[in-house]
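>>> just to be clear, the model below is a prediction. Sequence and coordinates:
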Amino acid sequence: MRVETAGPWARYLVFDGPPSPELSRRIGAVAEALRAALPRDAFDVVPGYVDILVEGRAALAPERLLALAEATEVSGGAPDVGADHPRTFEVPVAYGAGADAATLTDRLGLAWPDIAGLHAAGKYTVAYIGFTPGFPYLHGLDHRLQTPRRDRPRPDVPAGAVAMAGAQAGIYPDAGPGGWWVLGTTGFPLFMPDRPEPTVLRAGDEVRFVPRAGGGGDQARGRAPLAADVDYHAPLGTPTVGAPGAPAEHAAAGPLVTVLEVWPESASLQGRPRVGVGRHGLAEAGALDQRLLLALHLAVGAPLDGASLEFPVPHAALRAEASTVAAFGGAATASLRGEELTPGVPFEWRAGEVLALRPAPAGPRQRAGVPILSVAGGLAPLAGHAGHPSLAAGGSTDVRGRVGGFGRWLRAGDVLARGAGRAWSPGAGTARLTAEPGGSTHTWPPVQPVRQAGGAALGHYPSELGLRLYPGARGGAAGFAHLLSRTFVVSERSRMGVRLEPRSELDTRGVPATGAEASRGMPLGAVQLPPDGRPLVLLADRGRTGGYPVVGVVARVDLAGLAQARAGTVVTFRAPSEHGS
C-alpha cells in the first residue's frame, strides 16, 4: 500500500494489483476499519476499485493513514460482510431502451443482439457503491464489451440506465449526466432513503441481468425478482452516521415561512456538509458558500448545524407565518415592506409580510456569493427533514438521494418551521436574539451585521477568477501544467460542478493525453480533465466517485466564487505558494 495526496484535505490509500473481486473485499474490510478508527463527523471514507479516498475537515498525515491501514491488515481487518454468503439478485433489463446502440456497434464491431447477449450472459459481483446514491460498480464485464468511456459526459443518461465503461459495469439509479455507455434500462430499486443502510446492493453481492421486452412486468412496478430469498425492504446493518435508533430531527411546531414563488429546480435547504455518507454515493451537499452561511447564522442566532435557504437563482417570494428575525447575503436583492434590505444586516420579518428575492444588478460592483436567507433558529420542513435521521442529520438537501430538507428542490406551497438543531449562544457583548417558535417578541436590534461577523463575505463579484490549484494524485504533471498555462471561461454550472471551456483556439491546443482510469473517490474541488480538454471542477453535489483523470484540486476557499460565476466568467489557475496563498 501507499498514500497519494489529492490537495490539502484528501488522501488516497492505494492498493497493489489490478481490480478484482478479491481486491474489492480487501478494500472493503480496510475501509470499514478506517471508519471505525477515524472520527465519524470529521472524515469520509470512500472505496474505489484499487484505492480508498479519505477526505476530512482537517488534514490527515499520510503516515497516520498508512499506519491505520497496515494495523488493520495485520490484525485481520474488519468483518468481511457478505463475502462468505453473497446474495444473488436478478436485474430485469429492457435492452435498447435509451441505449447508445449505434455508437456501440461501431466501436465494438458487433451486432446489437450480440452486444446485449454478451452483457446478459455475464456473472457480476458488486465491488462497491459510489458516484450517485446506490450506484453499484460491478466486476465481470466480458472483455469483448470493454471500450473507453465517453470523451465528454452525456448530459441525459436515463434513470435506471444499465451501462458500461472500460472494464466496468454499473447501473445509474437516477437520470443525470454520465460518461458511460448505455445498454438499456431497468426499474430495479437501488436506493431507499428511509432506511439507515439505504443501498439495496452491497459489496460482494452477485448480480445477473435478465432481458425483459419493453421493461414491463415487475420492472414497470419498480420491483425486480430476487434469485435469493432477500427482503430488500428490510434494514441492512446499522446507521453510518449518528446512533442506532436516534430520534428524528423534527422542526419546531408551527409554520414559520411559506414559499409563494421560487425558480424551478434551483433553491433548497442547505447547511453544513454531511460527512460519512460517501460510501452510499450520497453527496456531502451543504451550502456552496460556507463562509457566508456561517456569517449569516452568527448574525441572526441560528444554530451552526442548522439549515438556511440557498437560492442559486434568486427569484422567490416568501411569506412569514410568524414574526421572526432574518438576514440575507450573496448576489441578490431583497425587499420587504416596499424597501430594499441591506445585505448582512438582520431585519424584523413580521407575520404576514412577503419577502421578495431578485438577482442583483449586473456590473463591476455586483455582490458576491450564492444567495442565502437565514432565519433565527434555523429552518426545516414543517414535517421534518426527508430521509432516515441518520442520513438526514443537519438538514442539507441531497436532491438525487432524496435526503435532507424536503428531499427535493424547493417549490411553491412548501411550508417551513423553525429548526430543531443545537442552540447557539452569542459571545460576550452581543445582544441575545429571542425568537419564540410561535411568538413575535424579539430583542432588537439583534447581533452584529455580517459585514463585521463575516469579513469579506459580502465583497464584490469579479468578472475574472484566479483559482489556486493543488496537484492531483494521478493526473500527471502534464495535465497540471496544461491548466496553469491556459485561460478558460465558465460555460455551465450547477451544484454538482462547473464546466469550463478554453477561452480561445490557442487554449484548445496541446491537451495532454491523460487517459481514463478505474473509478475512484472524487474530493471536493477536484478538476477532471476529459479528453475533450474541457475541465470540470467538482462541487458539493458531485458524484462521489468518477474515472476521468483528476489533474488538480482547487482550494476550498476559492470554490464559493466559482460556484456563483456566470457564463463567460474568465478563469485562470495558479499554483499556491509555499505559504499556501
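Perfect, I can see it now. Just so it is clear, the model here is predicted, and its values are computed rather than measured.

>>> can you map out the helices along the stretch 301-450 of the chain?
389-392, 450-453 (DSSP state H, counting those that start in this stretch).

>>> mind telling me which of those helices the model trusts least?
Mean pLDDT per stretch puts helix 450-453 lowest among the helices of the stretch 301-450 of the chain, at a mean of 42.

>>> and stretch 118-138, what's buried?
118-120, 122, 124-138 (16 or more other C-beta atoms under 10 Å). Placement of C-beta: from N, CA and C, glycine included.

>>> how does this structure divide into domains?
2-74, 88-215, 257-422+430-458, 464-574 (automatic domain parsing).

>>> so for stretch 330-337, what's the average pLDDT?
93.

>>> buried residues, that stretch. List them.
330, 331, 332, 333, 334, 336.

>>> and what of stretch 551-564?
Quick answer for stretch 551-564 (16+ other C-beta under 10 Å): 551-556, 558-564.

>>> would you reformat the residues you listed as TSV and include secondary structure, distance to residue 201 and pLDDT?
Listed next are those as TSV, based on DSSP: H, G, I helix; E, B strand; the rest coil; distance: C-beta to C-beta, whole Å; pLDDT from 0 to 100:
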residue	secondary structure	distance to residue 201	pLDDT
551	strand	31	91
552	strand	33	93
553	strand	30	95
554	strand	33	95
555	coil	36	93
556	helix	32	91
558	helix	37	91
559	helix	32	92
560	helix	35	87
561	helix	39	86
562	helix	34	91
563	helix	32	89
564	helix	37	83
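
>>> next up, phi/psi of residue 388, please.
Dihedral pair for residue 388: phi -60, psi 140, per degrees, to the nearest 10.

>>> wait, what's in contact with it?
193, 194, 195, 196, 198, 239, 403 (C-beta atoms under 8 Å, 6 or more residues apart in numbering).

>>> how near is the last one to residue 167?
Residue 403 sits 31 Å away from residue 167 when distances are taken as C-beta to C-beta, to the nearest Å.

>>> higher neighbour count, the two?
residue 403 (29 against 18; other C-beta atoms under 10 Å).

>>> how close does the more buried one sit to residue 191?
On the measure of C-beta to C-beta, residue 403 and residue 191 end up 9 Å apart.

>>> all strands of the stretch 1-150 of the chain, in order?
Along the stretch 1-150 of the chain, counting by DSSP state E, counting those that start in this stretch, strands occupy 2-5, 10-14, 43-47, 51-56, 88-95, 124-129, 136-139.

>>> ok, and what's touching the last one?
So that's strand 136-139. By C-beta under 8 Å, 6+ apart, strand 136-139 touches 19-21, 24, 49, 124-131, 168-171, 190, 199, 201, 205, 207, 519, 545.

>>> again, only this time at 7 Å
With contact meaning C-beta atoms under 7 Å, 6 or more residues apart in numbering, strand 136-139 is reached by 19-21, 24, 49, 124-130, 168-171, 190, 201, 207, 519.

>>> check the first one too.
Outside strand 2-5, the residues that touch it by C-beta under 7 Å, 6+ apart are 11, 12, 13, 14, 62, 65, 66, 473, 474.

>>> just the buried residues of the residues you listed.
11, 12, 13, 14, 62, 65, 473, 474.

>>> could you find the closest non-adjacent residue to the third one?
Nearest-residue entry for residue 13: residue 52, 4.5 Å, with adjacent residues in sequence omitted and distances by C-beta to C-beta, 6 or more residues apart in numbering.

>>> and the one you found, how many neighbours?
By other C-beta under 10 Å, neighbour count at residue 52 equals 24.

>>> quick check: it touching residue 29?
No. Look at residue 52 against residue 29 with C-beta atoms under 7 Å: they stay out of range, at 10.7 Å.

>>> correct me, but residue 17 touches residue 26?
No. Counting by C-beta under 7 Å, residue 17 does not reach residue 26; the two are 9.0 Å apart.

>>> re the thing from before, looking at the domains of the chain, which has the lowest confidence?
domain 257-422+430-458 (a mean of 84).

>>> starting at the chain centroid, how far to that one?
In terms of C-alpha atoms, centre = their mean, to the nearest Å, the centre of domain 257-422+430-458 is set 19 Å apart from its chain centre.

>>> show me what stretch 113-129 is in contact with.
Stretch 113-129 has contacts (C-beta under 7 Å, 6+ apart) with 21, 24, 28, 47, 49, 95, 104-105, 108, 135-142, 144-145, 169, 183, 199, 201-211, 279-281.

>>> now swap in stretch 326-343 and tell me
Against stretch 326-343 from outside (C-beta under 7 Å, 6+ apart): 289, 292, 295-296, 299-300, 311, 314, 344-347, 349, 353, 355-360, 366-375, 450, 457-458, 461, 564.

>>> return the list of helices and strands in contact with the longest helix seen in the chain.
Among the segments of the chain that qualify as a helix by DSSP state H, the longest is helix 21-37. For helix 21-37, the elements it packs on are strand 43-47, strand 51-56, helix 62-74, strand 124-129, judged by 3 or more C-beta pairs under 7 Å, 6 or more residues apart in numbering; DSSP states H and E.

>>> packing partners of the second one?
Using 3+ C-beta pairs under 7 Å, 6+ apart as the contact criterion, the elements in contact with strand 51-56 are strand 10-14, helix 21-37, strand 43-47, strand 520-521.

>>> CSV for these, including distance to residue 56?
Formatted as CSV, these follow (distance: least, C-beta to C-beta, whole Å):
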stretch, distance to residue 56
strand 10-14, 8
helix 21-37, 11
strand 43-47, 4
strand 520-521, 12
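
>>> so which of the ones you listed gets nearest residue 394?
strand 43-47 (13.9 Å; C-beta to C-beta).

>>> quick revisit: from the contacts of residue 388, list the buried ones, please.
Using 16+ other C-beta under 10 Å, the buried ones in those are 193, 194, 195, 196, 198, 239, 403.

>>> give the buried residues for stretch 105-116.
108, 110, 112, 115, 116.

>>> residue 262 against residue 414, yeah?
No. Contact criterion C-beta under 7 Å: residue 262 and residue 414 do not qualify, at 8.2 Å.

>>> the more surrounded of the two?
residue 262 (24 against 20).

>>> contacting residues around the more buried one?
316, 410, 411, 412.

>>> tell me who's in contact with the first one.
Taking C-beta under 7 Å, 6+ apart as the criterion, residue 316 is in contact with 261, 262, 263, 267, 357.

>>> list just the nearest of the contacts of residue 262 to residue 394.
residue 410 (16.9 Å).

>>> tell me the contacts of that closest one?
259, 262, 267, 268.

>>> how about residue 268?
310, 397, 399, 405, 409, 410.

>>> is the first one in a bridge, and if so with what?
The reference is to residue 310. Beta-bridge pairing of residue 310 under DSSP bridges involves residue 268, residue 372.

>>> just checking, it touches residue 270?
Yes. Between residue 310 and residue 270 there is a contact at 4.4 Å, judged by C-beta under 7 Å.

>>> got any residues that touch both of those two?
Contacts common to residue 310 and residue 270, judged by C-beta under 7 Å, 6+ apart, are residue 287.

>>> buried set for the helix or strand encompassing residue 481?
Secondary structure assigned from DSSP states H and E places residue 481 in helix 476-484. Using 16+ other C-beta under 10 Å as the test for burial, helix 476-484 gives 476, 479, 480, 481, 482, 483.
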